[in-house]
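Colleague: Build the 3D model from these lines:
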Amino acid sequence: MKKIISTPNAPEAIGPYSQAILHNNTLYCSGQIALDPKNNKLILENIQDETHQVMKNIHEVLKAANMDFENVVKCSIFMKNMDDYTEINEVYSTYFNNNPPAREAVQVSVLPKNVNVEISVIACL
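Modeller: Prediction:
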């Protein structure tokens, strides 16, 4: 049975999807962008701040499922410009100090709300 995970501490879904689904102790988190859930404004001043907001949003979804970054087994990073890879990676790495998850990082032409980075995760209990 699947359980919908939702928290007001992360941005509401901007389409017909859930923030996350928990199924058989595995959490499938939808992609997060740098929307500040407090005011629904995008954080786009620079790629570091944008990535930190994305990771904060992911953390809130993980917390709503009683998980943390240590539970993450897979990440997908979608970026508008591969030239941002190093800076995104520097911020991303601060959230995974030990035993980082598997992941891919790909450049895409357009992301929701024309952001620069979107990240989704899969986590397990």
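Colleague: show me the residues around the closest residue in space to M55 that isn't next to it in sequence that make contact.
Modeller: Nearest in space to M55, with sequence neighbours left out and distances taken as CB to CB, 6 or more residues apart in numbering, is Y95 at 5.1 Å. C-beta: built from backbone N, CA, C; applies to glycine. Y95 makes contacts with M55, H59, F69, as judged by CB atoms under 8 Å, 6 or more residues apart in numbering.
Colleague: For Y95, give me phi and psi.
Modeller: For Y95, the backbone dihedrals are phi -90, psi -10 (criterion: degrees, to the nearest 10).
Colleague: Then E70?
Modeller: Dihedral angles for E70 - degrees, to the nearest 10 - are phi -70, psi -20.
Colleague: Tally up the residues packed near it, please.
Modeller: Here the neighbour count serves as a burial measure; for E70 (other CB atoms under 10 Å) it reads 12.
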